[in-house]
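Visitor: okay, sequence plus prediction incoming.
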Amino acid sequence: MTVDVNNHLKKEGPPPVEEERLMDASDVEAIVKKYDAESNFRNLGGITAKITGVLCILLSLFHVYTAGFGLLNEVIHRTVHLTFVLGLVFLVFPRRKPGKLVHDWGFGLSFAAFYLFLAWQLINRFDGDLSPLAQGGISLMIGFIALTALPLRQFKGEGDELSFADWPLAIAAAGISLYLIVFFKQIFIVNIGFPQIEEYVMGLLAIIMVTEACRRVMGNTLPVIGGIAMLYGLLGPWLPGVLGHRGYDIVRIVEHLYLGTEGIYGVAVGVVATYVFHFVLFGVMAQASGLGQLFIDLAMILAGKYAGGPAKVSVVSSGFFGMISGSPIANTATTGSFTIPMMKKNGFSPEFASAVEASSSCGGQVTPPIMGASAFVMTEMLGIPYNEIILIAIIPALFHYLACLSMVHMEAKRLGLKGMAKEQIPQILQVLKRSWHLMIPLTVMVTLLLMQFTPYLAAFWGIILTVVCSWIPPLTKKMGFGDLDDSNTLTPRRIADGLDEGARYALAIGAACACVGFILGMITLTGMGFKFSGAVLQIASSMGAALSSWVPFGLITAHGSTLFFGLIMVAIACIVMGAGIPTTPCYIILASIAGPALDNLGVPLVATHFFVFYYGVLADVTPPVALAAYAGAGIGGADPMRTGVTAFRLSMGKALVPFMFVYAPSMLFINFTWMEFSLAIISGVLGVIALSAAYIGHFRSEITFWGKTMLTVGGLLLVSSDVKVIIVGSIMVLTVLIPKFMKAESTAVMETA
């Protein structure tokens, strides 16, 4: 999933200071594997490589076929998906990363103890119904899995090395879903409501295998949270105060998570199996056909000639690339391998260049028409068609990139940087002549989405047309109608590789969403979401009442300040949770827990979900775990922590965006009025520019400390929907910006004269 970096950089000529080694595909792949746990695949060999390759291709073909010719029964479709996904995880992903042995022992012992505790609970519950032989068999089986969770070097399985336990674990992981398929009639029709003991045993094994699979692909954070959620369900009667509840035994929990549609096989896995997989596969195929290179070319044409051109190319190309890639880290590595070296040559510091790429790449998940997995989950949770989600997301996405571009522009002006040389920028006619056919699949897919066809059918035709259109250049050449580049033709071998790669990229999100099912299941079982909602509402009300009594002239009401503090608390929860969990699981968890809190504060449901969604995305550039920023630092040779801090500060402008559409829902076309919409757009643009100028410290000229303070406070006030507050914010901002603007204009006139 890389662009042709060398092809572009050859046009630039030698750099002014020293030659920097260009990154090739293997360099980009290494950086993605280092920082993106979802892409940390093994490089397998021998018979295992052939088997996993065939299984990945079969998984992709299954989803392509069902997308075009009809989905299976809901439960069957999800179980078939997880049969492949969970089995492949134990072969494709390493048991653990090399090193960090001491660190891994703590988590390894915790997971092992948790697995044995669950087994003891189940055996104790069915003590009179299980024979000693059955009890011993369950104990040995769970004990073996517990041992594999420990970082024992004797078990091997580090990096590309296959452990002797991987095949048994893969078979067991696939078997828990295959069991539901084989005995579907017996479980869900004949014995519905009266599960047998063996089904509880399989359910316990399913919980443990999903936890272990998620640990491999996502690290420790998400499975730990899933385990805590289950312990919360078990230990409810012994918990203090508001945390306490009636409690549920292991039998009830296993039945709810394994045999229902609110646990492992719930909405999260359903969305991945129904929507997400297809768009991941489309993105892989589109990249292989050369669409990523076309986006880079178009970005250079649109933004390359302006001040700080390479940085603006980074922002625009990341936005384009984000339309087909929902991974901020992959986006950062792919476009950054080209744009970051260019930015450094143009005069930007390594930290700023890397941070610009990371910050803008995070916008891919909020950029229509393909917004990452979270957007498809949103359609299911809200019951809103995906074509409406696309339209709702347009204005917030534009603000996201406005914030990036304004900061880049001001930094370029502060440093006195110019745009790219004319000879470095591709010619639009040449680009269109070479790559026009690559836009056909994306155009058709977006058209189908807007015509309210199902997303998976749109993705089906996108995939098919990507393959078909890739053959236009060689056919055109053969017929003597042109000299189009046919190096990206999707031959049968490249199609097979794309099917294989697409399935591998979808494994991690499938395993993660299965683990998220634990949390969602326990939320519905224990009412944990309403407890969190009550706590947020109580704290926000106390803080809001205090603030409103302190601010004079009734400028801030008690309700307005309560809402503000409620949003701040939810935003912090999103950032903290997102620091260790990918965006999609983070969004699902917090939308389920924090959603009721904001709903009680009067926030429309769509705005609540978008608020959680946006702040979950920002976590990828929020230290101390800013993985997209660290990936950019790896490319730019910058200090990772300084890059993370810079990326976070670059994102502060767009951190306003979620507050904007909460206070002015017309931005999301909710209760739309032209007056509110126009006021929100004008105040939002002014607020983004104010915060951008405050961070960069430059607007036509240097800004003093007090000027930065005025811009920061004024920019924050402009988020409000209260006209009085907006007027105060506007006065503060314009008091700083207008004199700067007038002084620069008069200086320019004098220089001209």
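Guide: It's in. Numbering: from 1, shown residues only.

Visitor: Pro94 belongs to a helix?
Guide: No - according to DSSP: H, G, I helix; E, B strand; the rest coil, Pro94 belongs to no helix; its state is coil.

Visitor: how close does it get to Thr211?
Guide: Using Cβ to Cβ, to the nearest Å, we find Pro94 at a distance of 17 Å from Thr211. Yep, even glycine has a C-beta here, placed from its N, CA and C like the rest.

Visitor: settle it for me: which of these two has more neighbours?
Guide: Thr211 (25 against 21; other Cβ atoms under 10 Å).

Visitor: quick one: residues contacting the more buried one.
Guide: For Thr211, the contacting residues are 111, 114-115, 223, 226-227, 515, 518, by Cβ atoms under 8 Å, 6 or more residues apart in numbering.

Visitor: packing partners for the longest helix anywhere in the chain?
Guide: In the chain, taking DSSP state H as the definition, the longest helix is helix 492-526. Helices and strands touching helix 492-526, by 3 or more Cβ pairs under 8 Å, 6 or more residues apart in numbering; DSSP states H and E, are helix 46-69, helix 74-92, helix 197-218, helix 221-234, helix 250-258, helix 267-271, helix 277-288, helix 583-593.

Visitor: quick one: contacts for the nearest residue to Phe90 once chain neighbours are set aside?
Guide: Of all residues not flanking Phe90 in the chain, Ala170 sits nearest, at 4.0 Å (Cβ to Cβ, 6 or more residues apart in numbering). Counting by Cβ under 8 Å, 6+ apart, Ala170 makes contact with 87-91.

Visitor: and the pLDDT at Ala170?
Guide: Here the pLDDT value assigned to Ala170 is 94.

Visitor: which residues does the strand or helix carrying Tyr630 contact?
Guide: According to DSSP states H and E, Tyr630 maps onto helix 627-636. The contact list for helix 627-636, computed with Cβ under 8 Å, 6+ apart, reads 23, 28, 31-32, 34-36, 328-329, 331-333, 336-337, 340-341, 344, 350-351, 353-355, 357-359, 361-362, 620-621, 623, 638-640, 643-644, 646-648.

Visitor: could I have it exported to CSV, CA atoms only?
Guide: Output in CSV follows, covering the C-alpha atoms of helix 627-636 (Å, rounded to 0.1, in the frame of the first residue of the first chain):
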residue,chain,number,x,y,z
LEU,A,627,0.8,6.3,17.1
ALA,A,628,0.2,8.2,13.9
ALA,A,629,2.6,10.9,15.1
TYR,A,630,5.2,8.3,16.0
ALA,A,631,4.9,6.8,12.5
GLY,A,632,5.5,10.2,11.0
ALA,A,633,8.5,10.7,13.3
GLY,A,634,9.9,7.4,12.1
ILE,A,635,9.7,8.7,8.5
GLY,A,636,11.0,12.2,9.2
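
Visitor: can you give me the buried ones in the helix or strand just after that helix?
Guide: Downstream of helix 627-636, the first helix or strand assigned by DSSP H and E is helix 640-650. Within helix 640-650, the residues that qualify as buried are 640, 642-650, counting by 16 or more other Cβ atoms under 10 Å.

Visitor: number of residues surrounding the nearest residue in space to Leu162 that is not next to it in sequence?
Guide: Nearest residue to Leu162, sequence neighbours excluded (Cβ to Cβ, 6+ apart): Thr48, at 6.1 Å. Residues near Thr48, counting by other Cβ under 10 Å, number 16.

Visitor: any low-confidence regions in the stretch 351-500 of the chain?
Guide: Within the stretch 351-500 of the chain, the segments meeting pLDDT under 70 span 477-486.

Visitor: helices of that one, residue ranges please.
Guide: Secondary structure of the stretch 351-500 of the chain by DSSP state H, counting those that start in this stretch: the helices cover 373-382, 386-415, 428-435, 439-450, 455-469, 472-478, 492-526.

Visitor: now the buried residues of helix 640-650 as TSV including pLDDT?
Guide: Shown next, in TSV, are those (pLDDT from 0 to 100):
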residue	pLDDT
Pro640	84
Arg642	87
Thr643	87
Gly644	85
Val645	85
Thr646	87
Ala647	86
Phe648	83
Arg649	81
Leu650	82
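
Visitor: could those residues go into TSV alongside distance to Ile145?
Guide: TSV is the format used below for the buried residues of helix 640-650 (distance: Cβ to Cβ, whole Å):
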residue	distance to Ile145
Pro640	35
Arg642	41
Thr643	39
Gly644	36
Val645	40
Thr646	43
Ala647	39
Phe648	39
Arg649	44
Leu650	44
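
Visitor: pLDDT below threshold where in the stretch 201-350 of the chain?
Guide: Low-confidence segments of the stretch 201-350 of the chain, defined by pLDDT under 70: 325-326.

Visitor: what do you get for the stretch 551-700 of the chain?
Guide: 551-557, 579-580, 624, 653.

Visitor: chain neighbours aside, what residue packs nearest to Val621?
Guide: Ala647 (3.9 Å).

Visitor: what's the answer for Cys56, then?
Guide: Nearest one to Cys56, counting by Cβ to Cβ, 6+ apart, is Ala503 at 3.7 Å.

Visitor: I'd say that neighbour and Phe62 touch.
Guide: No - taking contacts as Cβ atoms under 8 Å, Ala503 lies outside contact range of Phe62: 9.5 Å.

Visitor: okay, the two: which has more neighbours?
Guide: Shown here are Ala503 and Phe62; by other Cβ under 10 Å, Ala503 has more neighbours (29 against 18).

Visitor: list the contacts of the more buried one.
Guide: Ala503 neighbours (Cβ under 8 Å, 6+ apart): 55-57, 59-60, 84, 88, 277, 281.

Visitor: which of those lies closest to Thr66?
Guide: Phe277 (9.9 Å; Cβ to Cβ).

Visitor: give the contact list for that closest one.
Guide: 60, 63, 81, 502-503, 506, 510.
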